[in-house]
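A.B. asks: A structural model of the following input is requested.
(chains A, B and C)
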Amino acid sequence: MNAAFLVFFVVGTIAVASSILVVAMRNPVHSALFLLLTFLCVAILFVVKDAEFVAAVQVLVYAGGIMVLFLFVVMLINVRHLPDDRTLSRFWKGGVGVGLAIFLLLATVVRTGTYHDQNPNKKLLRSTASHRVRKVTNPDGSVTRKRVVRHRTVGNSEAVGMALYQDYLVPFEVASLFLLVAMIGAIVIGKRELSAPEEETSPDFILKRMETEKDVKEAMSA
Amino acid sequence: MPEAIPSTEAYLMLSGTLFAVGLIGVIIRRNMITVLMAIELMMNAVNINLVAFSHRFASLEGQVFTIFVITVAAGEAAVGLAIIIQLYRLKSSINVDEASELNG
Amino acid sequence: MTQSYFPILIMLILAVVIGATILGLNWVLGRHQRNPSKLSPYESGVPPLDENRKRINVRFYQIAMLFILFDIEAAFLYPWAVIYRDAAQGPSGMFLFGEMAVFIGLLAVGYVYVWKKKAFDWH
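C.D. replies: Purely as a prediction, here's the structure:
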């Protein structure tokens, strides 16, 4: 039992427990905060598996961006739960059954020793491969071109960068297209129209309401 | 002497557990925001899987793919929450069961 | 290699221990008194005029949504910036530059669209 195992067991337990609480909490704000805890635990698990850059992106994007969006929407909508309001769907028993069945299926597929850890070269996770063409002068004086692959040990983010920008050019550009579409879609769908519940937060409405309250108080004291 | 770290199987079991919990959340919850959170949970479980196999086969492809999954998750959260806001304006409720007009 | 993250682990443990200690000491040493004025939001202040759980403006959502999408762009820029310095001298320098120019160009289209739609204006 070394430190990595200890970290895995503690952090993994916290991740599973908080993910269950995400699903179980009635209040969406509590769910969102437990989701944040789960994301942070998963980031730690990434670091244990030598994926530092992915862990950093996980914290930056999930914990920094997506959670803020979720919390804003929860506060924007701000539904009060009535005491007799049902949280669960009608067929919750079936849902739990399906979930447990999927879990059992995955657990039988993943048996100990299915993936023999044969100690692959972990250095490859932090090295870049660069192809160079080198001119080699043969003993008889002729010059041939020879392709050499040079592995250089670098940091994880540099290795990921090389893989991302050299081997995965098209997915990268498609990702930018995807972000463009998401941006336009979210603006179009979330376009602002003043609706009745939203008007309550407009500054004019609040000012008017404060004046009304003042009038009422003056009328009552008079 | 390579450093001993938790095996791929342990990671796969953890990821399977998180995926099952997310799936249960998607099915049983009625609050649309919580359903979206459970979907994010499932995507995270998939990411754990990808990273574990990336380490197992000493190949960076899993990590690169994880970054794309995170990108898709962010876009999905942005558009999905916009849809939820619009639905709330329409129906004053974020209950999944209320949005059943297409249910023929 | 994971060993180099040991200080961060220690920092995390210390943060949890200090937080738990402060809250725990408060709970153990402090007196528990629950009367209406103690439980009110401002013990010796004015009573609150309205509920605290007010609905926030939809503007916040739009700004946060745009923040996420450009946050992803920044996350893609980090590894590019790390490798570009070395690659700029080599033959793949222009290739990398053009790749990132297309990426930023596509997102700039979205930026201009958002600007024209006045999603950045507060009013």
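A.B. asks: Quickly find the element holding A:Lys146.
C.D. replies: Assessed by DSSP states H and E, A:Lys146 sits inside strand A:143-153.
A.B. asks: after that strand comes which helix or strand?
C.D. replies: Once the chain leaves strand A:143-153, the next helix or strand it forms, by DSSP H and E, is helix A:156-162.
A.B. asks: which residues are contacting the very next helix or strand once past that following helix?
C.D. replies: With elements assigned by DSSP H and E, the helix or strand that comes after helix A:156-162 is helix A:169-189. Contacts of helix A:169-189 with the rest of the structure, by C-beta atoms under 8 Å, 6 or more residues apart in numbering or on different chains, involve A:164-165, B:68, B:71-72, B:74-76, B:78-79, B:82-83, B:86, C:62, C:65-66, C:69, C:72-73, C:76, C:99, C:102-104, C:106-107, C:109-110, C:113-114, C:117, C:119. The C-beta positions use only the backbone N, C-alpha and C, and glycine is treated the same way.
A.B. asks: Could I get the CA-only coordinates of helix A:169-189 as PDB?
C.D. replies: Below are the C-alpha coordinates for helix A:169-189, written out as PDB (Å, rounded to 0.1, in the frame of the first residue of the first chain):
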ATOM      1  CA  LEU A 169      -5.700  18.500 -36.900                       C
ATOM      2  CA  VAL A 170      -9.200  17.900 -38.300                       C
ATOM      3  CA  PRO A 171     -10.900  17.100 -35.000                       C
ATOM      4  CA  PHE A 172      -9.300  20.300 -33.600                       C
ATOM      5  CA  GLU A 173     -10.700  22.400 -36.300                       C
ATOM      6  CA  VAL A 174     -14.100  20.700 -36.100                       C
ATOM      7  CA  ALA A 175     -14.000  21.500 -32.300                       C
ATOM      8  CA  SER A 176     -13.700  25.200 -33.200                       C
ATOM      9  CA  LEU A 177     -16.700  24.800 -35.600                       C
ATOM     10  CA  PHE A 178     -18.600  23.100 -32.800                       C
ATOM     11  CA  LEU A 179     -17.900  25.900 -30.400                       C
ATOM     12  CA  LEU A 180     -19.100  28.400 -33.000                       C
ATOM     13  CA  VAL A 181     -22.300  26.500 -33.500                       C
ATOM     14  CA  ALA A 182     -22.800  26.200 -29.700                       C
ATOM     15  CA  MET A 183     -22.300  29.900 -29.300                       C
ATOM     16  CA  ILE A 184     -24.800  30.900 -32.000                       C
ATOM     17  CA  GLY A 185     -27.200  28.300 -30.800                       C
ATOM     18  CA  ALA A 186     -27.100  29.400 -27.200                       C
ATOM     19  CA  ILE A 187     -27.600  33.000 -28.200                       C
ATOM     20  CA  VAL A 188     -30.500  32.200 -30.500                       C
ATOM     21  CA  ILE A 189     -32.200  30.000 -28.000                       C
END
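A.B. asks: Could you find the closest non-adjacent residue to the residue of chain C found nearest chain A?
C.D. replies: Taking C-beta to the nearest C-beta as the measure, chain C has C:Pro79 as its residue closest to chain A, at 3.0 Å. Residue nearest to C:Pro79 in three dimensions, not counting chain neighbours: A:Gly161, with 3.0 Å by C-beta to C-beta, 6 or more residues apart in numbering or on different chains.
A.B. asks: Hmm, that neighbour is touching C:Ala75, no?
C.D. replies: No - in this structure A:Gly161 lies outside contact range of C:Ala75 using C-beta atoms under 8 Å: 11.5 Å.
A.B. asks: Among these two, which residue is more densely surrounded?
C.D. replies: Legend: neighbour count by other C-beta atoms under 10 Å in any protein chain shown for A:Gly161 and C:Ala75, higher for A:Gly161 (26 against 21).
A.B. asks: Which neighbouring elements make contact with the least confident helix or strand in chain C by mean pLDDT?
C.D. replies: Scoring the helices and strands of chain C by mean pLDDT, DSSP states H and E places helix C:36-39 at the bottom, with a mean of 77. Under the contact definition 3 or more C-beta pairs under 8 Å, 6 or more residues apart in numbering or on different chains; DSSP states H and E, helix C:36-39 sits against no other helix or strand.
A.B. asks: Check which residues of the very next helix or strand once past it are buried.
C.D. replies: Using DSSP H and E, the helix or strand that follows helix C:36-39 in sequence is helix C:58-87. For helix C:58-87, the neighbour count (16 or more other C-beta atoms under 10 Å in any protein chain shown) marks C:58-62, C:64-66, C:68-73, C:75-76, C:79-80, C:82-84, C:86-87 as buried.
A.B. asks: Which of the residues in the helix or strand following helix C:58-87 are classified as buried?
C.D. replies: For helix C:58-87, the following helix or strand on the C-terminal side (DSSP H and E) is helix C:93-116. If you call a residue buried by 16+ other C-beta under 10 Å, then helix C:93-116 has these buried ones: C:96, C:99-100, C:103, C:106-107, C:110-111, C:114.
A.B. asks: Are helix C:93-116 and chain A in contact anywhere?
C.D. replies: Yes - judged by C-beta under 8 Å from any C-beta of the partner chain, helix C:93-116 comes into contact with chain A through C:96, C:99-100, C:102-104, C:106-107, C:109-110, C:113-114.
A.B. asks: got it, and stretch C:66-77?
C.D. replies: Yes - contact of stretch C:66-77 with chain A (C-beta under 8 Å from any C-beta) involves C:66-69, C:71-76.
A.B. asks: Can you name the residues in contact with that stretch?
C.D. replies: By C-beta under 8 Å, 6+ apart, the residues outside stretch C:66-77 that reach it are A:57, A:60-61, A:64-66, A:68-69, A:164, A:172, A:175-176, A:179, A:182-183, A:186, B:67, B:70-71, B:74-75, B:77-78, C:100, C:103-104, C:107, C:110, C:114, C:119-120.
A.B. asks: same thing but at 7 Å, please
C.D. replies: Stretch C:66-77 is contacted by residues A:57, A:60-61, A:64-66, A:69, A:179, A:182-183, B:71, B:74, B:78, C:103, C:107, C:114, C:119 when judged by C-beta atoms under 7 Å, 6 or more residues apart in numbering or on different chains.
A.B. asks: same question, stretch C:115-123
C.D. replies: Outside stretch C:115-123, the residues touching it (C-beta under 7 Å, 6+ apart) are A:187, C:59, C:62, C:66, C:114.
A.B. asks: and that stretch, average pLDDT?
C.D. replies: Average pLDDT, stretch C:115-123: 78.
A.B. asks: what's the burial count for residue 41?
C.D. replies: By default, I'm working from chain A. A:Cys41, neighbours per other C-beta under 10 Å, totals 23.
A.B. asks: wait, chain B
C.D. replies: 27.
A.B. asks: just checking, it touches A:Ser19?
C.D. replies: Yes - using C-beta atoms under 7 Å, B:Leu41 is in contact with A:Ser19, at 5.6 Å.
A.B. asks: what's the overlap in contacts for those two?
C.D. replies: Contacts common to B:Leu41 and A:Ser19, judged by C-beta under 7 Å, 6+ apart, are A:38, B:18, B:21.
A.B. asks: Domain-wise, how is chain A divided?
C.D. replies: Here the domain assignment for chain A is A:1-79, A:124-191, A:195-222, based on automatic domain parsing.
A.B. asks: Please consider this matter closed, and thank you.
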